[in-house]
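In: The following comprises the amino acid sequence and a computationally predicted model.
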Amino acid sequence: MEGLHNLKPEKVIKAFQRAGWTVRGQHGSHVQLTKGGNPNILSIPVHKGRPIKKGLLLNQIKKAVLTIEEFLSYYK
């Protein structure tokens, strides 16, 4: 889990899009993503200059039914 530190929110959103998720919209400072066949909604906070916290990212990866390795391959 070394690679989950200090990831930029914009790149995290792009990684989920590469995994088949689409941006549903933005509610405040949180971008929401959906995917057909998955009932979950991913909510990624986008605060300027602040990375995504590891615990939140692990939760979103789990909701997206991805492994950490799969997510990191989409992130790069």
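Out: Looks like it came in fine.
In: In this structure, where is pLDDT below threshold?
Out: Within the chain, the stretches with pLDDT under 70 are 1-2.
In: and the gap between the residue of the chain positioned farthest from its centre and Gly20?
Out: The outermost residue of the chain relative to its centre, with distances by C-alpha atoms, centre = their mean, is Gly37 at 17.2 Å. Gly37 is 9 Å from Gly20, where distance means C-beta to C-beta, to the nearest Å. All C-beta spots, glycine's among them, are computed from the backbone N, C-alpha and C.
In: With Ile68 instead?
Out: 17 Å.
In: same question, Lys53
Out: 24 Å.
In: Kindly report the same for Leu66.
Out: Using C-beta to C-beta, Leu66 is found at 10 Å from Gly20.
In: Pick out whichever of the two has more residues nearby.
Out: A count of neighbours by other C-beta atoms under 10 Å puts Leu66 above the other of Leu66 and Gly20, at 19 against 14.
In: Please confirm that the more buried one is located within a helix.
Out: No: according to DSSP: H, G, I helix; E, B strand; the rest coil, Leu66 belongs to no helix; its state is coil.
In: Name the nearest residue to it, sequence neighbours excluded.
Out: Excluding its sequence neighbours, the residue lying closest to Leu66 (C-beta to C-beta, 6 or more residues apart in numbering) is Ala19, at 6.2 Å.
In: Phi and psi next, for the one you found.
Out: Main-chain dihedrals, Ala19, degrees, to the nearest 10: phi -80, psi 0.
In: No further questions, thank you.
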